[in-house]
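**Student:** Predicted model and sequence below, questions to follow.
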Amino acid sequence: MNGVVLLVFAIICFLAAYFGYSRWLEKKWGVDPKAQTPAYALEDGEDYTPEPAFVVFSHQFSSITGAGPVTGPIIAAMFGWVPAFLWILFGGIFFGAVHDFGAMYASVKNEGKSIGLIIEKYIGKVGKQLFLLFCWLFSLLVIAAFGDIVATTFNGLTPDVAQSVNNANASAASISMLFIVAAVIVGLIMKRVHLSGWKMHVFGIVVLLITLAIGMSFPIFADKSTWLLIVFAYLFLASVMPMWLLMAPRDFLSTYMLLGMIIAAVLGLVMQNPTIELNAFNGFAIADANGNMNYLFPILFITVACGAVSGFHSLVSSGTSSKQVKNEKDMRPISYGSMMCECVLAVVALVVAGAVAKNGQLPEGTPFQIFSGSVAGFLANFGLPITVAQAFMTMCVSALALTSLDSVARIGRMSLQEFFMNTEGETTGIAKLLTNKYVATIVTLAAGFVLALGGYNSVWPLFGSANQLLAAMVMIAVAVYMKTAKKSGVMFYIPMAIMLAVTFTALGISLYRLVAKMMSATQFLITIPAEAQAGQFVLLSDGLQLVFALLLLGLGIMVAVKCLKALFAVDTKEKVKDVAPEVK
């Protein structure tokens, strides 16, 4: 299969969905361009701050475009490129983008409230508490996994890696630190000088190029442990500082770089005009390196997460982006549009991996290494020095994780605050302490840091299942709101049913394997299936996964039951009593 043909076909489908299906959704839900948005009604200079559409798009796109759209499709290619491609196509258009748009729409129509508080308003307090606890645990998984990824990417002192790669890592680290400083400066400038149109874009690109040039010229060399501490210190600042001062301008700058990476990869593919060397389909069951059998259902649908549908996106749509929307008509390009861009990246990653495959199989290396190395080679074809291309791609890869990481740190902090906040906004004792944004941030980051010490691989297996289960719960909650508000919610029914089936099956398989592994280690079982025997039970990683899997499965079932009861109940009158105030 020709890679360019496949990519062009996907882009045409995504454009058709954006200009067709998303406009139909907009019409069905009743977007009102004259309505006052929460960004104006509740403006506080912290979270509620009206921003230009492109600035909010930048935050949304940078935050949701994490490691998933590169990692997921490449891993899912073990089943062949056809299943992965079809799921990105249909999942992105009919599942993920609808989920993101719906979450933002429901939040903007409800004073910018998070999904947790929307659940309380329309479903009940118990549902809200369960959902917020699930969100907080999920946030810890993301913080741990992405924190470890970023620290590893920044590590410039790995002795068993070629010096040029070490320089690329150190340069990426230097650029990232400069990005943080530049973001604060840009935030202050844009607060005083309201740039718009071409001036805003020229300003952003110039700052980006200066930062890249300085960072590549002065790399910072430090080991992984040091970078892990620095990353978590940055997350503390990102969680407590006003959106307009750090996160919004940082995402604004990152968007140009990430879009540049996508454009460079597309142009590189066009120049190379590669043939996809991966097998079209490898079967419904594939064994991994540990001997575990991976079944197309449900593994495909939780592996390709962010590139098709991701519950994390709803936390961004309702937790931060909805509080910055200036006009309701901006919601569609910000939410549905950013998801379509992410889907393009997912297809690009799949095609890039397929182009460098040998004998139908992927080359050795992590998905990030396969993707960044290949695209760096494409950039070298344009005459860019390979060392510069490698540093740029390493920076892009780290930005994919870091821009999601700072958002989820803030969202995790807010979830913990909302969990302990009562209906009147008055708290006492330990609850009062934990609703303080500084304390809530420290608790959240401390828990995430402990998980990160176990390494990226110890928490990633649960990330996909928890992420997709979160998406299913959010779609049910938004459907309840739509029903109560007399809006059409039929577009959520099939996606939420499929994702519930996928995630509960995946969590069940994970629990079975972990329990069997533990029983094998303690010799409680005599006969154990071969696929459950792979590897030794490690308390720090496997034990942690077991605890989290049990918690996530239990909470997921309880939240889903609560939401489904509300969705299919006869009485759908709006529940407006006992609603906790929004965390600021």
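**Tutor:** All right, it came through fine. Numbering: from 1, shown residues only.
**Student:** Just after the strand or helix carrying Trp227, pick out the following helix or strand.
**Tutor:** Using DSSP states H and E, Trp227 sits in helix 224-240. As assigned by DSSP H and E, the chain's next helix or strand after helix 224-240 is helix 247-272.
**Student:** what lines up beside the helix or strand following that next one in the sheet?
**Tutor:** Downstream of helix 247-272, the first helix or strand assigned by DSSP H and E is strand 285-287. Counting by DSSP bridges, the strands paired with strand 285-287 are strand 293-295 (antiparallel).
**Student:** tell me the mean pLDDT for the partner strand?
**Tutor:** Averaging pLDDT along strand 293-295 gives 86.
**Student:** residues in contact with that strand?
**Tutor:** If you take Cβ atoms under 8 Å, 6 or more residues apart in numbering as the criterion, strand 293-295 is touched by 78, 284-288, 531. Bear in mind the C-beta positions are built from the backbone N, C-alpha and C, glycine included.
**Student:** pLDDT at Val8, what is it?
**Tutor:** With respect to pLDDT, Val8 has a value of 95.
**Student:** hmm, back to that, remind me what the helix holding Trp227 packs against, helices and strands.
**Tutor:** Counting contacts by 3 or more Cβ pairs under 8 Å, 6 or more residues apart in numbering; DSSP states H and E, helix 224-240 packs against helix 125-154, helix 163-192, helix 386-420, helix 437-452.
**Student:** State the distance from the residue nearest to the spatial centre of the chain to Asn467.
**Tutor:** Ranked by distance to the mean C-alpha position of the chain (Cα atoms, centre = their mean), the top residue is Ile64 at 4.1 Å. Applying Cβ to Cβ, to the nearest Å, the value for Ile64 to Asn467 is 11 Å.
**Student:** Format the contacts of strand 293-295 as a markdown table; extra columns: distance to Gln417 and neighbour count.
**Tutor:** Shown next, in a markdown table, are the contacts of strand 293-295 (distance: Cβ to Cβ, whole Å; neighbours: other Cβ atoms under 10 Å):
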| residue | distance to Gln417 | neighbour count |
| --- | --- | --- |
| Met78 | 41 | 22 |
| Phe284 | 44 | 13 |
| Ala285 | 44 | 12 |
| Ile286 | 43 | 15 |
| Ala287 | 44 | 12 |
| Asp288 | 39 | 13 |
| Glu531 | 42 | 18 |
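**Student:** Format the residues you listed as TSV; extra columns: distance to Gln390 and pLDDT.
**Tutor:** Shown next, in TSV, are the contacts of strand 293-295 (distance: Cβ to Cβ, whole Å; pLDDT from 0 to 100):
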residue	distance to Gln390	pLDDT
Met78	26	90
Phe284	38	93
Ala285	37	90
Ile286	31	88
Ala287	33	81
Asp288	29	71
Glu531	38	46
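**Student:** List the contacts of Val142.
**Tutor:** With contact taken as Cβ under 8 Å, 6+ apart, Val142 is in contact with 66, 312, 404-405, 408, 412, 463.
**Student:** Where is pLDDT lowest across those?
**Tutor:** Scoring the contacts of Val142 by pLDDT puts Gly66 last, at 76.
**Student:** Could you look up the SS state of it?
**Tutor:** coil (DSSP: H, G, I helix; E, B strand; the rest coil).
**Student:** Just to check, it is in contact with Thr403?
**Tutor:** Yes. Shown here, Gly66 and Thr403 form a contact pair, counting by Cβ atoms under 8 Å, at 7.3 Å.
**Student:** what angle do the helix holding Trp227 and helix 163-192 make?
**Tutor:** On the basis of axes from the mean of the first three to the mean of the last three Cα atoms, to 10 degrees, helix 224-240 is oriented at 10 degrees to helix 163-192.
**Student:** Thank you kindly, that will do.
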